[in-house]
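Chemist: Coordinates only, no sequence provided:
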Ligand SMILES: NC(=O)c1ccc[n+]([C@@H]2O[C@H](COP(=O)([O-])OP(=O)(O)OC[C@H]3O[C@@H](n4cnc5c(N)ncnc54)[C@H](O)[C@@H]3O)[C@@H](O)[C@H]2O)c1
């Protein structure tokens, strides 16, 4: 982490970078010298992210509008990216949607399909489209690439909750894929980890602390560290995982929740 520009000469691809955590991570990686591929379905959001970053950093930024749940769009994106960059080092599967606050068995089929398609299949589509390029990065010894999945504490053992329904299941599946991909890609010197945030102030929660407080109260949850998270804190953990300090960490799920999940079972 001490090397000011440890991502210089490397490309970071972040999905869902038109907003929230994705935008914050893009800013952080650019501050360490990374060129960026920023993906979203929302082009306006991507343009905003690009403009914010270019005010402060001289990096290359490629805007890749694509719906990650659609493999054809993802493969087209990968083709365009490979025409521009052959040095994708970091992939952050961040784009995700919630399923509304319905118990999983009360969810509608189209909501189930959509949440699973974005949160699980989307990450799988993008990883599948880019891991081969990562494997070829011999110039980046000892680690050729890093994948970070943004899961959620709603997908962890203590955090799984009917309140979050299908969303919980989608993030638990993403955590399972994190371990699976770490095993599959470890022999190619690619690390794969997840970050599981608790409750953070982003557009997902309408950037409104009151909405989050109501959610917590409804679940009877008191955060041991009684603060609502800021997107920058997730970006800082992603930066740590992207750094050489974390080269030997793989297959892990870092929970970043102010102690929420350890407190839930104590209620
Ligand atoms: N905010 C929180 O408290 C919190 C907590 C735990 C986990 N998370 C997870 O963090 C990730 C980012 O969440 P956020 O809070 O920044 O949300 P956000 O809504 O601000 O950002 C998500 C971005 O993903 C994009 N997106 C949605 N569907 C897409 C698709 N099919 N293809 C490409 N892009 C798509 C959206 O347009 C949006 O810009 C999500 O996976 C979310 O589940 C958030």
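Modeler: Nice, I can see it. Small disclaimer: the values here were computed from a predicted structure and weren't measured. Numbering: from 1, shown residues only.

Chemist: make it CA atoms for all contacts and neighbour counts henceforth
Modeler: Fine.

Chemist: Which of the three states applies to residue 12?
Modeler: Under DSSP: H, G, I helix; E, B strand; the rest coil, residue 12 falls in the strand class.

Chemist: Can you name the residues that contact it?
Modeler: For residue 12, the contacting residues are 26, 29, 34-37, 88-92, by Cα atoms under 8 Å, 6 or more residues apart in numbering.

Chemist: Does residue 77 lie in a helix or a strand, and which?
Modeler: Using DSSP states H and E, residue 77 sits in helix 71-84.

Chemist: Repeat that for residue 95.
Modeler: Using DSSP H and E, no helix or strand contains residue 95.

Chemist: show me what contacts it?
Modeler: Applying Cα under 8 Å, 6+ apart, the residues near residue 95 are 15-17, 22, 40, 118-119, 150.

Chemist: Closest to residue 242 out of these?
Modeler: Distances from the contacts of residue 95 to residue 242 were compared by Cα to Cα; the smallest belongs to residue 150, at 13.4 Å.

Chemist: Tell me, how many residues neighbour the closest one?
Modeler: Using other Cα atoms under 10 Å, residue 150 has 27 neighbouring residues.

Chemist: now the strands for this protein?
Modeler: With DSSP state E applied, the chain shows strands at 11-14, 35-40, 61-65, 88-93, 145-150, 190-197, 200-201, 229-230, 253-256, listed in chain order.

Chemist: quick one on the thing from earlier: adding pLDDT, write the contacts of residue 95 out as CSV.
Modeler: Formatted as CSV, those follow (pLDDT from 0 to 100):
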residue, pLDDT
15, 98
16, 98
17, 98
22, 98
40, 98
118, 98
119, 98
150, 98
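
Chemist: of those residues, list those near the ligand.
Modeler: Counting by Cα under 6 Å from any ligand atom, 15-17, 22, 40, 118, 150 from the contacts of residue 95 sit close to the ligand.

Chemist: Just among those, which is most surrounded?
Modeler: Counting by other Cα under 10 Å, top hit in the ones next to the ligand among the contacts of residue 95: residue 17 with 33 neighbours.

Chemist: Give me the neighbour count for the closest residue to that one other than its chain neighbours.
Modeler: Leaving out its chain neighbours, the residue that sits closest to residue 17 by Cα to Cα, 6 or more residues apart in numbering is residue 23, at 4.6 Å. Residue 23 has 25 neighbours, counted by other Cα under 10 Å.

Chemist: Likewise for residue 4?
Modeler: Quick note: residue 4 (other Cα under 10 Å) scores 10 neighbours.

Chemist: For it, give me its contacts.
Modeler: residue 32.

Chemist: Repeat that for residue 199.
Modeler: 212, 228-229, 257.

Chemist: elements contacting the helix holding residue 77?
Modeler: Helices and strands touching helix 71-84, by 3 or more Cα pairs under 8 Å, 6 or more residues apart in numbering; DSSP states H and E, are strand 61-65, helix 123-135.

Chemist: buried stuff in that helix?
Modeler: Judged by neighbour count (16 or more other Cα atoms under 10 Å), helix 71-84 contains these buried residues: 71, 73-75, 77-78, 81.

Chemist: returning to what we had before: distance of the residue nearest to residue 17 from residue 243?
Modeler: Separation of residue 23 from residue 243 (Cα to Cα, to the nearest Å): 19 Å.
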